[in-house]
Every structure is written in structure tokens, then in C-alpha cells.
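>>> Sequence plus the predicted model coming up.
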Amino acid sequence: MKSTARLALDTAVQRGATYADARGVQVRNRSLTTKNGRVGHASESESVGMGVRVLASGAWGFAATADLSKESVEATAARAVEIAKASARVKREDVRLAAERAAVADWTTPYKIDPFTTSVEHNLEHLLKIDAEMRAVKGVTLAETGMNFQREESWFLSSEGADIHQTKYSTGAGYTAYAFAGSEIQKRSFPNSFGGQWQNRGYEQIAELKLLENARRVAEEAVALHKAEQCPEGQLTIILDGSQLGLQIHESIGHPIELDRVLGMEANFAGTSFLTLEKLGKLRYGSEIVNVVADARQEHGPGLGTFAYDDEGVAAQSTPIITNGRFTGYLSSRETAHTIGATRSGGTLRAEGWNRLPIIRMTNISILPGEKPLTCEQLIADTDHGIYMETNKSWSIDDKRYNFQFGCEIGWEISNGKRVRMLKNPSYSGITTEFWNSMDAICSRDEWMLWGTPNCGKGQPQQVVGTGHGASPARFRGVKVGTAYKGS
Amino acid sequence: MLTKERAAEIFDRIRRFSAADEVEVSFTGSRFALTRFANNTIHQNVEEENSIASIRTNLGGKTARSSANKFDDESLKRAVAASENLAKVQAPDPDLLPMPTAEEATAAGKSARPTRFFEQTAAIAPGERAEVVGKIVAVADRHKLTTAGIYSSAESAEGIFNSRGLADWHAQTLAEVSITMLGEDSSGWQKLNSPDVRNLDAVLLAETAARKAVDSAHPREIAPGKYTVILEPAAVLDITGFMFWDFGGMAILDQRSFLNDRIGKKLFGENINIWDDGTHPLQAGSPFDGEGMQRRRMPLVENGVVKRVVYARGTAAKMKTSEYAGKVGPIEATGHGFPLPNEMGEMPMNIVFGAPENPQTVEQMIESTERGILVTRLWYIREVDPYEKILTGMTRDGTFLVENGKVQCGLRNFRFNESLISMLSNVEAMSVPLRASGEESFDMVVPAMKVKEFNFTEATKF
């Protein structure tokens, strides 16, 4: 693959590129699911190809091919240059890239067990046991489970001399119990909704998730929701579990800090951002205890946004995004760094595969845990009246990332420090900065988990990548609750 | 580009490499290019070519799938082995059917096949895309606006072959333009696609988006609440698209459909008629489903009554012996199945809304509105309640106050929480349906709609 990438670079430079990079990627996926006691699907896929990105006449061009023959790679590199020259016909100024030392590196996700070496039969059996455990609960009308593995090997070479080989593994698993009765469909998921919990790790994660151990409880909760009271409406105190807080971070911090959105580059599809450039270092984003970082380094944890180098060869970094409540950083790239006065990219350019152009993406956008020991149960005990909400059910936010509304699968009313009753259909809404400024407590490190969001879509053509979000349960005051069901 | 002849040759080799009882190969191939612009400049410009062979094997009542994008013998053998190994370890599925023969796939008649491949679209070059973007930017400059958007073109192929003799192929092209115009505190948007690029007028779309941005400048904020809304076609498709996942037999069997216990009952207004019709001249896509069954034109909703749902072969067989048989209308394979194996079953994805008896233009809807809100586009729509089909989302890129039959001003955007059942029961007027494209759902042939008592629950800051 390296010699093929070098051929692409040489061709691009000969054709007039002032900068070129070539990314060869080989991806293997395995997906296993069950539904109501049977295998839902068992499938694998392999995809290999190369994308060539060039600057010519001061503008970008990108071309990608699955055909890695000499003729095809040369033609693809030449096409990238031709496209760049066409781009230059509608430009205002030349693209400027922040300087970056050309890295030579080889890195692999730390893992104990290669998931592709594990027994398909054993994994299906594991999922079917979970499935049976859920369906043993009377009232469960649909049980679904899933397990997914990915191995992505990439080679990044640039005309500046970068030569980076990375191999990333990710593992995800989870399940959902549905209960349909009367005029309601209720559901409960574990460890998280929309596919479960995902991390850049090996198969060892599966055992740690304690999937089977929780299946009965989760299914019983799905059925019990039918007898629960509707979540009340009003300005209330809420406590969010870590997985829901992770998605709240994703939508109301992760996306608005993407510098390409801020600069209008995503205006037609994903949208822009309320975080205009003059707000950097000045905006009070949240309360004093809100501290958020964008951290792609392995030492932050095995998140879906963990790597050694991004897809333009910039080393993984940790960037303070919110520091003691103040807005302190964006997600940037070599092209955009200069717009915030930075001399170096923040290392967040990522692509879905070989056939996609890298764009600014979240890495691991995490809220730091509280420093004083505080468990979720202690936080509930410290709350006079409020609602504890768990596991996302729906999520929506406007295209500048101000107004959001989230629904959760389950809630519990808290009264005098105790969970007193289950509530169905909990939802809350608000304005991003008002919400984060209402946070008055966050649990400590032992409750902190690096959650994975495997399905973040952005870009045209759309690209789906995984992002990580470290979070522990946190409390918010005076939040608007229950509007989702108001009058509808 | 992958051709039918090349695919047939690859299929022959896969058959030789496979020891399975039956083998099916689904092919997809595409050459896709997209020029993206923002801040009145081209900032991303991409092209890719790829082909995939997706192999399904049936072995003793078990099935699995594996796909590859390299077609040398070694890669294909590896993919065949992966598919067989995934199938072997499963318990037999008593509901798994043999793969369809060519005769079974066309038993209900072969679908009409309107031309969806146009050389003019396939031949679009980077320079031509740049030239069109230049014209869009010129419109923005003339109105002192900033523009962002895309101009894409693609040729694609989709084919299916199985060891029982079924072989089918579909080739098409698609060109698409999407334009956002941004003012200081406002924006406007338009999007359109077609297999034939000659149906796209990028400058007209740019002018319309620009007018919306200019007319919605200095937006007012009004209190959320229930309003009469005029939803342009893109807004209608983006919100209604969320219900068609429930119009499949498997969704009923799984009890995850809002149509459970509601088929045959009047659910929407008398004026709502909906078909799935892949042969409609304004539709796109292949004439066969994931198993190669011919897609059939299906009436789904007649005068507000949900008449039936669509079926893959396996789902139809299962439904016939289920407790729901006799309660869900006609049960038969309709050519709407996803590639097997899957959990979702099927879905109608060539939706065509019926034309109203007395169609009104959007302008006529505005003229007849005392107080209401004109919506260009909806955004970030998600399901809040799956059975009452309550959806939430935002308005975006051109939201206007209508008073006394006239557009008065732009409005700050709203959040809605609205039941689709309620919305489609409150439609007061519709336009002639046309092909529309959004970002939240698949393309459809839909009308603009005037809807009473649409539920806005919050306003945002812009």
C-alpha cells in the first residue's frame, strides 16, 4: 500500500499539486444481531481503496478509487489535480495550511483480544441468551440484540514526508426490550440506546459490559413503564445519567465547537454554530464546574475518537474546550487553524473511509468528573425534588446548536433524596448555554465512563464516524421538562 | 463502471467458489462526484468510484452475507468463505425461504422501466460543475448574500443474480443541486435532484433561495403555539417520511408499528391518498427489491384509511400464518424487501402522494390564510412517541409570518412537537405533488400542504 501511495503522490506533484496526501484504507466489519430468539443477521464486509487529496492552484481536489492498479492510481491522482484546478475557478483566496512536522509512525489500538478471532457461534449464543432473558419477562413484545466489530488499517503518506500506519479496532454491543400494549410502545436499552456501548478496544470489552447480568432488569423496566406515571411538566431539577449526558455533550458542545461549522463551511447541511469567533475565551458557556476537553490521546481512554494521528497526519492532542465554565477552544484542522490565531492544527480531521475527504470531526469530547467523591446515589440523596433520567430515546437540536430537546427512555421522581416512583416519557429542552450554566453538581471519576456514539453524521457526501464522550451523572437546576408531549 | 456483463462474470466465479445450497450476489457500483461550496468559494470537490459484490449464501436453512469491493479470485473466495462460515454456525431458520426464481420474481408482472440513465448527467465534468457553482455565487453576490451548497452528479448500477436463475440489472444517473443563501440574520434554501440534469435549473433555485434569505431578514419572534402552517414540499416529505418505516409487514409482526390495530381504520383526513410507485415518472431507483422481486405499485392510504402495508417474500409468508392475518388487508410479496438477512423486513420508498381534487399553489394557500406560518424546510426531526407518531424538530432556512393573505416578515425558528396522525388529519389544502428532496427522509413525490393547528412548542434564538 505504501508504494501505491507514493505513486499517487508522485503523480499528483508531477501534475502540478503543491501539496498532496494519499490515504490507503482497508476496513473489515462484522455484525451479529438477534431478534426474538433467532439470528437477525450475521454479516461481514471488507472494503479497500485509496483517497488522494491535493492542493493545486491554491484549491482542493480529492479523488478516490478501489482499483489499486498502477494505471488506476495514476489516473486517480491526476483526476484529483484536475478537480483542484476546477475548484480554483471559484475561489476567493488560496488555501493556507498550518505547518506540521511530517510524522513517521506505526500505531495500533491497544487490545487484549482481536474480536475477529472470536467464535461467531459463541457470540451468537451469548446474544441469544440475552434475548431469551429479555423475552422471559411477560409483556416484552420485541427483543433485539447486537454485537459489532471493526478493524481499520490505514496508511497515510504526504508530499511533505509523513508516513503513518495505524490499525484501529472498535467493539460495540447492546440490546433493547420493547413492550407494546394498549396505545403505547415503551422500550429499555442497555448499556445505551442505538446499538449499545462502543469503544476502540478489543473483544475484552464484551465481558466487562455485563450484558447478560442486566437483561432481566432492563426488560422488566420496559414492561413496568406502561404502569408508570407520565413525567410531569415544569421548570424542574434534573439529574442525567452518564450516557445521556454524553449525548448532550455531543449535540450541544461537540458540534458547535467544530470550526468548519463556525466558518460557514457546513451551512448547507449540518448547519453553522452560535459559537462565533469573537466568543473564544470570553463566553461563559457553563457554570464554574463545567470543564470539557477534546482529547484524542490514548491516555484519555479507548474512545471512538481515540487515535495516534488524525487523517491529515497531525498527532492526537488534548484541547481545553470549556475551562471552569469559560469557552476556551475549537476543533480545528491545518486549513482552519489560522482563523483562530493558532499556529498548529488541533488534530481533528477525520474521514469515514478511503473514499471520503477528511473533515473536522469530534474526537473524544468529554466533561471532566467532579474532584470531590460523589456517586450517583449520593447525588440523588442530595436532591430534594427532581427527576433522574436515563438512556436517550430522542434527540434534536437546531442548526446553530442553541435550542435542544431530548427524550429519555425512563425517569424516576426524586423526593427528599429518594427515588419515589418511575416516570415514563421523560423529556427536557432548553438553550445550550443556559442549560450548561444551570449545572450545579457532577459525579466523580468512579462514575465516569467514556461512552461511544457510533453514528455521527456530517458532511456532503455524508460521512458517519464514531465519537467518544466521557461523562458522569450530573445535576441541572430549573430545566424545562415535559414540553415534548405538551398539546401534541 | 461496473457493467451487467462484468457482474455476470463475477457471479459465475462466485458460484464456482461456493459450496452452499444457494448463492445470491447483489452488486452496486457507482461513480460519484460532488462539488461543495461555502462562503462563495468551492472548498471541497470530490470524486470516487467503487463497486461492491455482496454475497448471500443459504446452507441448510441458514443464511448470512459477506461483501467485498475487490473481485480477484482470492478476495471473492475469502468473501464466500466468510458468508458460509457465518451461516454454518447458526440454527436453521424455519421461516427462511429458498431464493426466488426469475419466474417468481416477475409472477405479478414485470415492472415498467422508465429510462433513468441520461448520458448528459453521466458526462458532467469538474469544470462544468465549477461553472454552475460560479453562476450560483454570482446570484449570491448580486443579492449581497453568502452561499453554501453542493452540485453533485452520479452514475450508478444495481444488480442481483442468484443460483436459481434470477438476474436483473438497473442503471441510473442522478444530478443534485442544494443551495443555502445566508444573510446577516436570515437564510433561504432550495434543493432538487433528477436523473436528468436538464431538469435542474440551478440559477432559478439560487434566485428562490436568495429571495427567501432577503425576505426573512430581521426575523421577528412570536410566541410558540398552535398555528396554521403552509409546509413546502420538502418540509412535507421530511416529516411524513418518518412514518413509512411502519408501513411494512415486519413492523406489524414486531409490534413496533403505529399501524398495529389501525389498518383498515380511518387514521388521516379524507383527502389523504398515498401510493408506493417505483414506476412513477418523477420517481428514481431500481425496479426490484433486495431479493430481486419486482417492485409493485401499491395503494397504501385511500381517503385517509390505511389499506395495506408492503411485504418482502418471507414476511408475507409469516404474516399469512400469524394472528394478524385477516386484519391487515391483502398479504402478498410486493417487492419492497431489504436484502436478506435483515431485521427490518421491508419498507415503501417510492412514495407518491395523491393529487388533491382542487390543488392550490403555495401562493393561493398564502392568500387564503388569515394568520399562519410558511415553512420552507424542517430539520433534525426525531421520533418522540412511536405509537402516536409524535415527532420533534426545527424549522430552518426560511420561516415566515403570513397575515391577511400576505407574507409579512421572517420569523425566528420554531421547535415543533406534532403527531403525524393529527397533522395528516388537519390538511386543509394541497398543491399538485412534485418530486422533492430534503435531508431527513428519502425523496418523494409530495404536495405542499396547508395544515391547521400545527404544534410549535418553543422558539429558538435566530
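Received the coordinates, thanks. Every value quoted in this text rests on a predicted model; they were computed, and no experiment measured them.
>>> before we move on, which element is residue 63 in?
No chain in the question, so chain A it is. Take DSSP states H and E as the rule and A:A63 turns out to sit in strand A:59-65.
>>> oops, chain B please
strand B:62-68.
>>> Output the strand holding A:A63 as CSV, nothing but the C-alphas.
Extracted in CSV, the C-alpha atoms of strand A:59-65 (Å, rounded to 0.1, in the frame of the first residue of the first chain):
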residue,chain,number,x,y,z
ALA,A,59,-7.6,25.0,-4.1
TRP,A,60,-8.6,21.4,-3.0
GLY,A,61,-9.2,18.4,-5.2
PHE,A,62,-10.0,14.8,-4.0
ALA,A,63,-10.4,11.6,-5.9
ALA,A,64,-10.7,8.0,-4.6
THR,A,65,-10.7,4.6,-6.2
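>>> Break the chain into its domains for me.
All of this refers to chain A. With domains defined by automatic domain parsing, chain A comprises A:2-227, A:230-485.
>>> nope, chain B please
Split by automatic domain parsing, chain B gives B:4-208, B:219-462.
>>> which residues are contacting stretch A:371-390?
A:231-232, A:236-241, A:243-244, A:408-419, A:423, A:426, A:428, A:441-444, A:446-447, A:472-473, A:475, A:481 (Cβ atoms under 8 Å, 6 or more residues apart in numbering or on different chains). Placement of C-beta: from N, CA and C, glycine included.
>>> okay, now residue 444: neighbour count?
I'll assume chain A. 16 (other Cβ atoms under 10 Å in any protein chain shown).
>>> if you could check chain B rather than the one you did, that'd help
Using other Cβ under 10 Å: B:M444 sits among 29 other residues.
>>> now A:E125
Around A:E125 there are 14 other residues, counting by other Cβ under 10 Å.
>>> Repeat that for the one 10 residues further on.
By the criterion of other Cβ under 10 Å, A:R135 has 17 neighbours.
>>> can you pull the contacts of it?
A:R135 is in contact with A:36-37, A:143, A:219, counting by Cβ under 8 Å, 6+ apart.
>>> Near chain A, which residues of the stretch 151-300 of chain B? Just list them.
B:152, B:178-180, B:182, B:187, B:189, B:226, B:254-256, B:260 (Cβ under 8 Å from any Cβ of the partner chain).
>>> Mind picking the two most distant members of those?
Farthest apart among these by Cβ to Cβ are B:L182 and B:Q255. That separation is 45.1 Å.
>>> Who has more neighbours out of these two?
Each of B:L182 and B:Q255 has its neighbours counted (other Cβ under 10 Å); B:L182 has more, 24 against 17.
>>> Not counting residues beside it along the chain, what's closest to that one?
B:T146 (4.5 Å; Cβ to Cβ, 6 or more residues apart in numbering or on different chains).
>>> Please look at the one you found and B:M181 and confirm they touch.
Yes. Between B:T146 and B:M181 there is a contact at 7.4 Å, judged by Cβ atoms under 8 Å.
>>> Now for the two: what residues contact both?
With Cβ under 8 Å, 6+ apart as the test, B:T146 and B:M181 both reach B:A140.
>>> Among these two, which residue is more densely surrounded?
B:M181 (31 against 21).
>>> what's the host helix or strand of the more buried one packed up against?
Here B:M181 is covered by strand B:167-182, with elements defined by DSSP H and E. The contact analysis (3 or more Cβ pairs under 8 Å, 6 or more residues apart in numbering or on different chains; DSSP states H and E) places strand B:167-182 against helix B:4-17, helix B:119-122, helix B:126-142, strand B:146-162, strand B:187-194, helix B:202-215.
>>> when you compare where the fourth one runs with where helix B:202-215 runs, what's the angle?
Taking axes from the mean of the first three to the mean of the last three Cα atoms, to 10 degrees, one finds that strand B:146-162 is oriented at 130 degrees with respect to helix B:202-215.
>>> continuing past the longest helix out of those in chain A, what's the next helix or strand?
What stands out as the longest helix in chain A, according to DSSP state H, is helix A:70-87. Counting by DSSP H and E, the next helix or strand C-terminal to helix A:70-87 is strand A:104-108.
>>> Specify the angle between the helix or strand following that next one and strand B:62-68 in degrees.
Next helix or strand after strand A:104-108 toward the C-terminus (DSSP H and E): helix A:120-135. Taking the same axes, to 10 degrees, one finds helix A:120-135 and strand B:62-68 inclined to each other by 120 degrees.
>>> Centre of the chain to helix A:120-135, how far?
27 Å (Cα atoms, centre = their mean, to the nearest Å).
>>> avg pLDDT for that helix?
Per-residue pLDDT over helix A:120-135 has a mean of 98.
>>> Point me to the residue of the stretch 351-462 of chain B nearest chain A.
Going by Cβ to the nearest Cβ, chain A is nearest to B:T460 of the stretch 351-462 of chain B, at 3.8 Å.
>>> how near is that residue to A:A474?
24 Å (Cβ to Cβ, to the nearest Å).
>>> More neighbours: these two, which one.
Neighbour count, other Cβ under 10 Å: between B:T460 and A:A474, A:A474 has more, with 28 against 22.
>>> can you give me the helices for chain B?
Using DSSP H, the helices found in chain B span residues B:4-17, B:73-88, B:102-105, B:119-122, B:126-142, B:202-215, B:233-240, B:249-253, B:313-320, B:362-367, B:420-423.
>>> In a markdown table, list these along with mean pLDDT.
Formatted as a markdown table, the helices of chain B follow (pLDDT from 0 to 100):
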| stretch | mean pLDDT |
| --- | --- |
| helix B:4-17 | 98 |
| helix B:73-88 | 97 |
| helix B:102-105 | 96 |
| helix B:119-122 | 97 |
| helix B:126-142 | 98 |
| helix B:202-215 | 98 |
| helix B:233-240 | 98 |
| helix B:249-253 | 98 |
| helix B:313-320 | 98 |
| helix B:362-367 | 98 |
| helix B:420-423 | 98 |
